[in-house]
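Trainee: with the sequence up front, the predicted model follows.
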Amino acid sequence: MSVRNFLRRQMNRLIEFSPRVAKTGAEPFEAAGAVAEPAAGNRPEVAEDTASPVGKVLARPDRHREAIPLLEPSAHVAEVELHYNQHSENYQAAYGTVLQAVRSADVEDLLRHEMNTMRLADGMRLLDAGCGFCGPSIWFAGQRDIRVTGVTLAENLVREAKAAVDRAGMSDRITVLEGDYHYLPSLVSEHSYDRVMFMETIGYAHTLPMVLEGVHRVLKPGGYLYIKDYFRATFEPGSESQKRVDAVLAKVYEEYRWVTFSREELVRAIEEAGFVVEHAEVMPFGWDAATVLDFDARAGFIWTQLVADGFSFGLAGEVMARRP
C-alpha cells in the first residue's frame, strides 16, 4: 500500500466522528475521553487593550493558546494573507470553489444542509466572512433571492471570487470586498445583515471577542451568526492525549495559521458577545480525506503525518446564535 493510500485510509478513520459520538453517547461537540473546560472561576480574565477597537481581548483564551504560541495579531493576519495568496491555485485545484474540508461526497448536500440550518430565505442579506472563492455564496444565491457581501483577506482570492461571481451572472447580487473580518463595522454598514456566516474561517481569528463584537454590530436585531468549523478535543491537562492534540494543532497553526478553538471556548465567547446560542451540533459530514491530502501534497504540508495512526484530535460541528 502506498503512503498516500495509507494516509487516506487513516484520515478517514480520524475524521468519521459522527458515528463515534452516536456509539459512545458523548454530548454534541465532545470527543470521547475529553474533559470539560475550566469552571467559571478558572476561566481566562479579560485584559484591557486600548489598541483594540473593542477595548478588550482575552488574556489567556484557553489551554490551546497556552500550549501553542500564536503570532502577534498584525503578523498573524499578514501570514494568513500570505498563505492564501501563495496557495490559492492549490486550494482551487483541490477544493474547487468550496473551501471546506468537512464536506459531503456531493458538495451540494453540504451546501443544502448549511442553507437549511441558517434558514436562508428570500429577501435576506448575507455576509460571508472569509468568503474564499465565493462558491457557497454563489450556490445560496442560486437557491434563494438573497443579497450577499463576501469579505476575504487575500488579493488572489478577491480576484478569483469576483471572476466566479461574474461567471455565475450574479455581480448584481454578490459583492466581494478585500478586507479583514476583524473590522467588519468599518467594511459594511451596521445593523444591515440578516445572517453572518463563517464557513471554516473562524479559526483565522486572532482575537475572537473582537470578531464577534463586530458581527454583533453588523447584524440586524434578530439576525443570526452561523459558524461551521472543526473544534479541538480537550483532555486532562498534561496527559499524553492532550500533548498529542497540542502537537498536531501546533503543526496545523504553523502550516495554515489556523487556530483550532474548542467547542466550549467558542460557545462561551459567543454568549459573552451578547448572542443566544440556539443550535450547537455535530456536523453530519466528516472531513474529505482525499481532498485534504490532495491539497497538503500540493502545498507540501505534513501535519497529517502526526495523525497517521487515526488519533482523534477534534470534531466537526456547527453553531447557530441569535443576536437579540
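Mentor: Noted; the coordinates are in hand. Numbers count the residues shown, from 1 in each chain.

Trainee: give me the low-pLDDT residue ranges for the chain?
Mentor: For the chain, residues meeting the criterion pLDDT under 70 lie at 1-67, 308-311.

Trainee: can you give me the helices in the stretch 151-300 of the chain?
Mentor: Along the stretch 151-300 of the chain, the stretches classed as helices by DSSP state H, counting those that start in this stretch are 155-167, 184-187, 208-218, 240-256, 263-272, 289-299.

Trainee: include mean neighbour count and distance to Ser104 when you put those into CSV, please.
Mentor: For glycine as for every other residue, the C-beta is placed from the backbone atoms N, C-alpha and C. Below are the helices of the stretch 151-300 of the chain laid out as CSV (neighbours: other CB atoms under 10 Å; distance: least, CB to CB, whole Å):
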stretch, mean neighbour count, distance to Ser104
helix 155-167, 18, 20
helix 184-187, 18, 29
helix 208-218, 23, 27
helix 240-256, 18, 22
helix 263-272, 21, 22
helix 289-299, 18, 11
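
Trainee: nearest to Val80, out of those helices?
Mentor: Proximity to Val80, assessed across the helices of the stretch 151-300 of the chain by CB to CB, is greatest for helix 240-256 (8.6 Å).

Trainee: now do that closest one: which elements does it pack against?
Mentor: In this structure, helix 240-256 makes packing contacts with helix 63-67, judged by 3 or more CB pairs under 8 Å, 6 or more residues apart in numbering; DSSP states H and E.

Trainee: show me what secondary structure element comes after the helix it packs on.
Mentor: As assigned by DSSP states H and E, the chain's next helix or strand after helix 63-67 is helix 73-95.

Trainee: CA atoms only for the helix or strand just after that next one, dumped as PDB, please.
Mentor: Using DSSP H and E, the helix or strand that follows helix 73-95 towards the C-terminus is helix 107-118. Output of helix 107-118 as PDB, limited to C-alpha atoms (Å, rounded to 0.1, in the frame of the first residue of the first chain):
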ATOM      1  CA  VAL A 107     -20.900  19.100  -2.200                       C
ATOM      2  CA  GLU A 108     -24.400  20.300  -2.900                       C
ATOM      3  CA  ASP A 109     -25.600  18.100   0.000                       C
ATOM      4  CA  LEU A 110     -23.300  20.000   2.300                       C
ATOM      5  CA  LEU A 111     -24.400  23.400   1.000                       C
ATOM      6  CA  ARG A 112     -28.100  22.500   1.200                       C
ATOM      7  CA  HIS A 113     -27.600  21.400   4.900                       C
ATOM      8  CA  GLU A 114     -25.900  24.700   5.600                       C
ATOM      9  CA  MET A 115     -28.500  26.800   3.900                       C
ATOM     10  CA  ASN A 116     -31.300  25.000   5.700                       C
ATOM     11  CA  THR A 117     -29.600  25.300   9.100                       C
ATOM     12  CA  MET A 118     -29.200  29.000   8.500                       C
END
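
Trainee: what sits against Asp109?
Mentor: Phe285 (CB atoms under 8 Å, 6 or more residues apart in numbering).

Trainee: brain fart, Asp294
Mentor: Asp294 makes contact with 93-94 under the criterion CB under 8 Å, 6+ apart.

Trainee: any idea how far it lies from Asn90?
Mentor: 9 Å (CB to CB, to the nearest Å).
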